[in-house]
Every structure is written in C-alpha cells, then in structure tokens.
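> test case, fold it:
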Amino acid sequence: MKLTMPMAITAADDSSRTISGRIVAFSELANASTGKVIFAENSIEPKDVFLNLEHDATRRIGKTLSMEKDSNRAINASFKIFRTNAGNDAIVEAMEGAREGFSVELSVDDYETLPDGTMKVLKAELTGVALVTNPAVKSAKVSDVAANQDSEVEKISEPETPNPTEGETKVAEDKVQPEAPTEEKTVEASQINISAVRKPVFTTRPRLDFSAGKYLENTIRATLGDEDARQYVAAAADTTDNAGLVPTRQLNEVINGLANGVRSNIDAISRGVLPDAGMSFEIPKITQLPSVAITGEGSAPSNTDQNAAFVTVSVQKFAGQQTFSVELLDRTSPLFFNELLSNMAAQMAKVQDTAVNAALITGATVDSTTVATYPDAEELLGIVSRGSASVYSGTQRFARNIIMNTSQWANAMTLNNNGAPLYNVAAGTNNFTGGQVNPTSIRGNIAGLDLFVTANTSSGTDTDGSIIIVNPEAYTWYESGSYRLRADVIASGQISVMVYSYGAIATKIGAGAFINNKA
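Residues are numbered from 1 along each chain as shown. The predicted structure follows:
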C-alpha cells in the first residue's frame, strides 16, 4: 500500500542549494491519501531517497543530504538540490513560498485499523519525498524569511494568513503544536537563507472530493492552465488508494494461460548434447552395407563395399528479448522479473518444440491410405498398424511413440464401443484394453504406442501430420544450456533482458516417422 503525506518546509538555502524540514511525525493524527492515519513510533526508518517534484518520479530535483529521527517523534531531512533548471526553480519557489511543503511517499508493510477507522501504521518503508505546492494546514507555512545581503540583515514577513476554514481548524485541533523560538542566522554577504519561526505542525494532504464528474472538470481546467485543477489531477493520479476511492488490490498470483514449457515433440524422440563449437556438425550414416550372398562351392564371395556419407545438421539459435525501465525492475514486485524469465523460457521451449514437429512432418512417410480428418476406431487402428510396419521397414527399428495434436487427442477420447470408451478404461466397465487416453494427462497409450499430446504444431489442427508415428532413434534433438543476458541501456534508463539457446534437430532416417493422410 502506498501513502503520500505532505509536511511543511522549514528552510531553503540558495547558496548551499538545500531545502530542509520535517518529513514525518510520529503519533500525530493526520489525513493522508488513504484517509485518517497515525504512525507508530519507529514505524519508519530514515533512508536516502530522491526528492521529486509533485510526486513525479521522472522529475527528480534533489537527493538526501541528511535524515535523522528527532527523539522518535519525527524525522527531519535536508535535501541537496540538483543544479538543473527544475532544481533552480524549486529553490526559488521554496524561498518565495510558492512550493512550501514536503510530501513523503511510503510503502506500508504492516498496519492495524483502530475502532474509529483510523489506520495505524506499524511498519512502512520510505520510498521517496516530494516537493509540493500546498500543505493541508495553512499555519504550517514558512512565515519568516531571514536574508543577509550586502552585510545587512533584512527581515521580510509574508502577508497575514487568513483565518483557517472550519475543516482546517479541525485538523489543527488534532495536532500537538510545539513552538520553537525565532532564530535568525547571520551568513555571508552572498548567502540567502530562509528559516521558519516555529516548528511546523504535522501537515497533510486535504481530503479531495473524487468523482468522475469532478475529475473530468478538473482535467479540462488543468488543460486550460488552471494550477489548482492541475494539482487536483496530480493528487488523483498519485496513488490507487486516494481518499474517497475504493482501492484496487493486486494479488501475488499471476494468471498465465498462454505457455507452459512442455515439449512433447522433443520428448517423443531421442536427445543428444550439442557439440561445443560450430553452427553445424556432421553425423556419419551408412548408405551401403557390405554384401553377403549365398555362394557356391569354390565361388568367390560377394564383394560389395560398405559406404558411408555424412548427415549435416544445422545449429539454430533461439532467442527472445524484452526491454523495460529500471523503475519497473526496482519498484515492482520481484514476481514480475521471475514471471518474465519463466515466460521467456516457456516461449523458447514452444518455438523449439514447434521446429521439431515441422522436421518430423517434413521427413516422414505419408500414409498411402486416406482416412477421415478425425478417424474412427477402425481407421485409427489402421494408421497405427500401417505406420508401425512402415517405420520398422524403413529403419529396422520399432516405432514406439505416437504424437497427436490436441484435436486428435480429443477425438481419441470419444472413441467407444456402445458408449464404453476404448482408450479410457475403468476397471470392470468393459473388456477393451486398447490403451489409455486421459483428459487430465498429455501422456498415454494407444494400441501399444506411447502417446504424446502436443499443442505445438507447425501445421493446422486438421491437416496431414496431426498424427505422427515415430521411431525415436531416427530423430535426435541436440541442445546446449539456456543463457540469460542483461544489458543496462544507460542513455534511455532502460534494461534489456535476452534469453537464448542453441539447438539442432537431426533427421537421421526420414522413414523413421509416419504421418496420417486425411481425406
């Protein structure tokens, strides 16, 4: 939960380029961006932060010079102002009373709700401080200016402050207002110094009347140059927990229905380790066996030499990148970065698996018999039998796996005998034992072949290749480990993260795969 709470500036020094004041008061009731709030003693620890202009993190005008607790009742801070145009303007505005308040930005870790509805903060982290235009309590302004110019001290008083409104009086009554003696400092002739004559009371942002109509009105007025309207719009946009608005909470769970990292096509074939160098490699392949023949007595033996060739396998790079701001990395939940890396890895797995699916279909033998797009039980058994025979004939090895896309998987689950499922047999329901196809598992068995269900298909849902019967030894997936790179883009204040790996699919024997031929 984020809170913002203004306090008054007590001093601004042009020569040293500092602005100072109380930023947090403990055990004093206030109206913050979430409503009434009180901070328990020691609930906030001093911390070096940036000084922003009007809570805009992209408009940093200074950073912490010093920050310390005052007898556990308050935190006082001094900020060094940057030598930028915005910084110069901020000092002048603070000295002239145009921007006369601090507003802290807090991330609340623990709190309790008191019987009157007040939120008591038990633990919070200081995330920033802002220089703002109007503290809520008018009496907490800088009221005296002490300047020493040309070796002469001149005292300048601001115009008399009007009587506070009824709402302002109520806030003031809730506060303890200790007085501090007036103290004027003698400085060098070139120095200008402003000091408050009293300690400021704990000032807070006023509760705003947020409504769709009011927001629209102020948005229009702000566009036309109305400063009060601009402050209203800034306050409304400052936090999701503004007073008068119902806050929207965000849970730590993430919904992801787009990727899961499963590689069924790769799991259905053999695996190998990618060579440590080169963007291609070669695998020896026997192309001609030595001949052996029945030979008559005294006859010369068959004399055909064994020959070999090389299968060239190309290595492919799989890579993805995302660029985001340093603020997103630093200020968001660690869940974002973990989810980002997880999803990039899942997307890499999906692309790799789809590439293997395409290689299997490209090198496969197409069934000479056409069948319905979604075969019935008899047609499916025909595909399995013809495919198994074809694979054994082409590789001298058995087909052991069958790969189906999700549409064929759904069809297999519907196959039945008088309502009794053929591939999802419950004990005692029927006498069929053709295999196991389960809606809660992408692994199963059909007619003796291990089933692998894939959502990563290179072709459509109802095309040739939606059913693949394969000898896993005929195809091998070679890969190296995954890599992650991070590069900070200094010029734009962004971070680029790239995840990449190298992989290769080797079609050792094309006839080691067999695909359906839809009618």
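
> so what are the domain limits for the protein?
What automatic domain parsing lists as the domains of the chain is 2-206, 208-249, 264-271+317-518, 280-314.

> now these as JSON lines including distance to residue 256 and mean neighbour count?
The C-beta positions use only the backbone N, C-alpha and C, and glycine is treated the same way. Below are those laid out as JSON lines (distance: least, Cβ to Cβ, whole Å; neighbours: other Cβ atoms under 10 Å):
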{"stretch": "domain 2-206", "distance to residue 256": "26", "mean neighbour count": "18"}
{"stretch": "domain 208-249", "distance to residue 256": "20", "mean neighbour count": "14"}
{"stretch": "domain 264-271+317-518", "distance to residue 256": "7", "mean neighbour count": "17"}
{"stretch": "domain 280-314", "distance to residue 256": "32", "mean neighbour count": "10"}
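
> adding mean pLDDT, write those out as a markdown table.
Listed next are those as a markdown table, based on pLDDT from 0 to 100:
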| stretch | mean pLDDT |
| --- | --- |
| domain 2-206 | 65 |
| domain 208-249 | 63 |
| domain 264-271+317-518 | 87 |
| domain 280-314 | 90 |
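
> so which of those gets nearest residue 255?
Nearest to residue 255, of all the domains of the chain, is domain 264-271+317-518, at 10.5 Å by Cβ to Cβ.

> could the domains of the chain go into a markdown table alongside distance to residue 255?
Formatted as a markdown table, the domains of the chain follow (distance: least, Cβ to Cβ, whole Å):
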| stretch | distance to residue 255 |
| --- | --- |
| domain 2-206 | 23 |
| domain 208-249 | 15 |
| domain 264-271+317-518 | 10 |
| domain 280-314 | 38 |
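
> so what sits opposite the residue nearest to residue 442 when sequence neighbours are not counted in the bridge?
Nearest residue to residue 442 in three dimensions, chain neighbours excluded: residue 453, at 3.8 Å (Cβ to Cβ, 6 or more residues apart in numbering). Taking DSSP bridges as the rule, residue 453 bridges to residue 404.

> again with residue 318
Going by DSSP bridges, residue 318 is paired in beta bridges with residue 501.

> OK, contacts around residue 512?
Residue 512 makes contacts with 363, 391, 394, 395, 397, 399, 470, 471, 473, 474, 475, as judged by Cβ atoms under 8 Å, 6 or more residues apart in numbering.

> separation between it and residue 474?
2 Å (Cβ to Cβ, to the nearest Å).

> now the common contact residues for those two.
391, 395, 397.

> does the residue nearest the centre of the chain sit in a helix, a strand or a coil?
Among the residues of the chain, the one closest to the centroid is residue 336, at 2.9 Å (Cα atoms, centre = their mean). Under DSSP: H, G, I helix; E, B strand; the rest coil, residue 336 falls in the helix class.

> hang on, isn't it packed against residue 328?
Yes - at 6.9 Å, residue 336 counts as touching residue 328 under the criterion of Cβ atoms under 8 Å.

> for residue 278, which non-adjacent residue is closest in space?
In space, and not counting its chain neighbours, residue 278 is closest to residue 315: 6.9 Å by Cβ to Cβ, 6+ apart.

> burial check on that neighbour, number of neighbours?
17 (other Cβ atoms under 10 Å).

> again, but for residue 262
Neighbours of residue 262 using other Cβ under 10 Å come to 18.

> and if you look at residue 272?
Neighbour tally, residue 272, other Cβ under 10 Å: 14.

> contact partners of the one helix or strand it maps to?
Following DSSP states H and E, one finds residue 272 within strand 270-273. Residues outside strand 270-273 that contact it (Cβ under 8 Å, 6+ apart) are 472, 473, 475, 476, 477, 478, 479, 480, 506.

> now the helices for this structure?
Per DSSP state H, the chain carries helices over the ranges 85-96, 166-173, 212-223, 227-238, 264-267, 326-331, 334-363, 377-395, 406-414.

> out of these, the one nearest residue 297 is which?
helix 377-395 (34.1 Å).

> which residues touch residue 93?
By Cβ under 8 Å, 6+ apart, the contact set of residue 93 is 99, 131.

> and it, how close does it get to residue 55?
Residue 93 sits 16 Å away from residue 55, going by Cβ to Cβ.

> surely residue 320 is in contact with residue 499?
Yes - proximity of residue 320 to residue 499 meets the contact threshold set by Cβ under 8 Å, at 5.5 Å.

> hmm, back to that, out of the contacts of residue 512, which one sits closest to residue 324?
Using Cβ to Cβ, the contacts of residue 512 come closest to residue 324 at residue 475, 38.1 Å.

> and the closest one, bridged to which residues?
Using DSSP bridges, the bridge partners assigned to residue 475 are residue 507.
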